[in-house]
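Peer 1: How does the following fold in three dimensions:
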Amino acid sequence: MVVEALVARGITRAFCVPGESYLGVLDAFVDRHEIELVTCRHEGGAGFMAEAHARVSGHPGVVLVTRGPGLTNASIAIHVARQDSTPLIVIAGQVPTQSLGREAFQEVDHEALGLILGKSAFSIRDPGDAEAVMQAALASAEGGRPGPVLVSIPEDVAEAQARLHPRLTAAPMVIPAEAAADARRAAKLLHLRRRVVTILGCAPMSPRGVDDLTQLARLLDSPIFSAWRRLDVVDNRHSAYAGGIPWMPPELRQTLLAADALLVVGTRLDDMTSLHHQLPTDTQALVQVVPHPEWVATQHRAPDVLVAGRQDDAVAAIVRHLGSLRLGRIPITTAAATARRAHVASTQEPGASTNDEKTVDLVRVVGELRQSLPSDALVTCDAGAFAGYLHRYFEWRQPGTFLGTSAGAMGYAVPAAIAAKLADPSRTVVAVAGDGGFAMTMAEVASAARRSLTGLVFVVLDNGVYGSIRAHQRARYPGREIAIEQGRLDLRHIARGLGVQSARVADADALRVALRSALTANGPAVLHVITDPDQIDAWA
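Peer 2: Model prediction:
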């Protein structure tokens, strides 16, 4: 009944590390060939894969783990899915019913953990409730502001018999209808403001919706910024695109702070997107367009006008109302063009900032990626100091080509890339990670090797230190660096032991050839790039 609910929802792939506490659920996959069960090396990697697969496939992610250590290992993915508003079903085996609450072997309070880190938690205590619980879990994961939902199944319940309903259908996802009155209010408020900036986030929009946003930006003469870790929401070559928040030159930060109004579409104003709660300022009006009011429930300030509903319809309605208000008017400023010029200037590749012949300049690495990857290539990004260089110098040309967690979790890029490749095998997928983040989940490279996935490259930028922590220590505790040294691993031999092609690059002139060789390899490839440990701030 548990697996049948997933099949009915159209889910075609689930990720797991097997465990004895949910053998009954595992057994059900033997007879359901509609779902591929991907076996992973670590529950954290499995959870990351499920989260990334959800973002690429458009269906809820599914990860299955065992009780206690299995679930706690997967908790990092629950946190990521919550902060990134990703629908994720975490199915966890539990100790037998008669042992619950007795601190049994590997027992953890599943419901408490699910509610602390996730969106909601359910437990199937009676086999006959399995259908209803799964329907409720799927509805919770996808409804309102999407997020991770934990479903706990005691071992004895998982192996019990129950009557399967012959027609099991998934609960429909409910999206509120467009609020026409709110769209009119939004248009009137924006019409009265001279300096408007637009911030775009993660909630999906159709090509028509993106066209309407372009029209809206033109009517408002508004620069377009992408929210934190949502760099692919609009073609980065767009004439009004001014870069991603919060990493940007001072003049663009001032553009955000000096605006009269913020138009925020498809995202909540989280800590990073709001410039650590500087946005909106006390004098700025805030118009927010999101699928459901739950998206703004945790914000530090409520919007002046909230348009909750289907984003495409909401944006189209605002465009119509604003167009009638501004009929015949020509924008009196060139704010969008000015911001665009500042952004383009900040992304021009300077000369190499490191002269050491034994390391490769990070700007050069990103430049080679930009030149060598097709426009529809999907790039996954780990957490670390290197990420600032990728954010600044790479160019995303199509929606759905970037995966990076807003939670700042290390170890994400490798499993996310594998899941993205499984979800869309025809695309080139490149994971970009530091040596620290790569080492946390590099065992999952073997999961990719088993499937001989081609067009999948893991680019490891190895500076031998925890670079972002070094940057923070230098800023706040100068001359007192501690606990940041990692040394350098021999990733060529490690990668080959995991079953994939590998190459080590410490010479910038050899980088392009090595990258293109990795992209055309007969299976996954690891590109180990040696970088300078002092090159840790892309905006210095």
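Peer 1: When you work out contacts or count neighbours from here on, use the C-alpha atoms and nothing else.
Peer 2: Fine.
Peer 1: So the closest residue in space to residue 65 that isn't next to it in sequence, which state does it fall into?
Peer 2: Leaving aside its chain neighbours, residue 65 sits nearest to residue 92 (5.0 Å; criterion: C-alpha to C-alpha, 6 or more residues apart in numbering). In the three-state summary, residue 92 is assigned as strand, counting by DSSP: H, G, I helix; E, B strand; the rest coil.
Peer 1: Might one say that residue 92 is in contact with residue 149?
Peer 2: No: proximity of residue 92 to residue 149 does not meet the contact threshold set by C-alpha atoms under 8 Å, at 10.7 Å.
Peer 1: neighbour-wise, which of the two wins?
Peer 2: residue 149 (31 against 26; other C-alpha atoms under 10 Å).
Peer 1: Show me the shaky parts of the stretch 101-250 of the chain.
Peer 2: Across the stretch 101-250 of the chain, the stretches falling below the confidence threshold (pLDDT under 70) are 164-178, 203-205.
Peer 1: all strands of it, in order?
Peer 2: When secondary structure is read from DSSP state E, counting those that start in this stretch, the stretch 101-250 of the chain shows strands at 120-123, 148-154, 196-200, 224-226, 241-244.
Peer 1: Which one of the ones you listed lies nearest to residue 17?
Peer 2: Proximity to residue 17 (C-alpha to C-alpha) singles out strand 148-154 among the strands of the stretch 101-250 of the chain, at 15.5 Å.
Peer 1: Kindly export that closest one (C-alpha atoms) in CSV.
Peer 2: Taking C-alpha atoms only, strand 148-154 is exported to CSV below (Å, rounded to 0.1, in the frame of the first residue of the first chain):
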residue,chain,number,x,y,z
PRO,A,148,9.9,17.3,3.7
VAL,A,149,7.5,14.9,5.3
LEU,A,150,8.5,12.0,7.5
VAL,A,151,6.5,8.7,7.4
SER,A,152,7.4,6.3,10.2
ILE,A,153,6.5,2.6,9.9
PRO,A,154,7.2,0.2,12.7
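Peer 1: ok, residue 429 - contacts?
Peer 2: Contact partners of residue 429, counting by C-alpha atoms under 8 Å, 6 or more residues apart in numbering, are 377-380, 417, 420-421, 455-457.
Peer 1: Among those, name the ones in helices.
Peer 2: 417, 420-421 (DSSP state H).
Peer 1: Just the buried subset of the residues you listed, written out for ChimeraX, thanks.
Peer 2: Selection of the buried residues among these in ChimeraX, burial being defined by 16 or more other C-alpha atoms under 10 Å:
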select :417,420,421
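Peer 1: Which one of the ones in helices among the contacts of residue 429 is nearest to residue 70?
Peer 2: For these, with residue 70 as the reference and C-alpha to C-alpha as the criterion, the closest is residue 417, at 21.9 Å.
Peer 1: Distance of the closest one relative to residue 449?
Peer 2: 13 Å (C-alpha to C-alpha, to the nearest Å).
Peer 1: Ok, residue 466 next?
Peer 2: Using C-alpha to C-alpha, residue 466 is found at 28 Å from residue 449.
Peer 1: Likewise for residue 145?
Peer 2: When C-alpha to C-alpha is applied, the distance between residue 145 and residue 449 equals 35 Å.
Peer 1: With neighbour numbers in mind, choose between these two.
Peer 2: In terms of neighbours (other C-alpha under 10 Å), residue 145 is the more surrounded of residue 145 and residue 449; the figures are 24 against 19.
Peer 1: is the residue nearest to residue 65 in a bridge, and if so with what?
Peer 2: With DSSP bridges as the criterion, residue 92 is bridged to residue 65, residue 152.
Peer 1: show me the contacts for it.
Peer 2: Each residue near residue 92 by C-alpha under 8 Å, 6+ apart is listed here: 22, 64-67, 71, 150-153.
Peer 1: just residue 228 next, same as before
Peer 2: Residues in contact with residue 228, defined by C-alpha under 8 Å, 6+ apart, are 201, 244-246, 272-273, 406.
Peer 1: tell me which of the residues you listed is nearest to residue 344?
Peer 2: When the contacts of residue 228 are compared for distance to residue 344, the smallest value, 12.1 Å, is given by residue 244; criterion: C-alpha to C-alpha.
Peer 1: Return the list of helices and strands in contact with the particular helix or strand that has residue 514 in it.
Peer 2: Under the criterion DSSP states H and E, the helix or strand holding residue 514 is helix 511-519. Judged by 3 or more C-alpha pairs under 8 Å, 6 or more residues apart in numbering; DSSP states H and E, the packing partners of helix 511-519 are helix 362-372, strand 456-462, strand 501-505, strand 525-530.
Peer 1: then it to PDB, C-alphas only?
Peer 2: Only the C-alpha atoms of helix 511-519 are listed here, as PDB (Å, rounded to 0.1, in the frame of the first residue of the first chain):
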ATOM      1  CA  LEU A 511      42.600  22.400 -17.800                       C
ATOM      2  CA  ARG A 512      40.600  22.700 -21.000                       C
ATOM      3  CA  VAL A 513      41.900  19.500 -22.500                       C
ATOM      4  CA  ALA A 514      41.300  17.600 -19.200                       C
ATOM      5  CA  LEU A 515      37.700  19.000 -18.900                       C
ATOM      6  CA  ARG A 516      36.700  18.100 -22.400                       C
ATOM      7  CA  SER A 517      38.200  14.600 -22.000                       C
ATOM      8  CA  ALA A 518      36.100  14.200 -18.800                       C
ATOM      9  CA  LEU A 519      32.900  15.400 -20.600                       C
END
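Peer 1: got the contact list for it?
Peer 2: Surrounding helix 511-519, the residues in contact under the criterion C-alpha under 8 Å, 6+ apart are 365, 368, 372, 428, 454-457, 501-503, 505, 524-527.
Peer 1: what about burial for those, which qualify?
Peer 2: With burial judged by 16+ other C-alpha under 10 Å, the buried subset of those is 365, 368, 428, 454-457, 501-503, 505, 524-527.
Peer 1: quick check, nearest of the residues you listed to residue 253?
Peer 2: When those are ranked by distance to residue 253 (C-alpha to C-alpha), residue 365 comes first, at 26.3 Å.
Peer 1: Contact partners for the closest one?
Peer 2: For residue 365, the contacting residues are 508, 511, by C-alpha under 8 Å, 6+ apart.
Peer 1: Isn't residue 257 up against residue 279?
Peer 2: Yes: using C-alpha under 8 Å, residue 257 makes contact with residue 279 at a distance of 7.0 Å.
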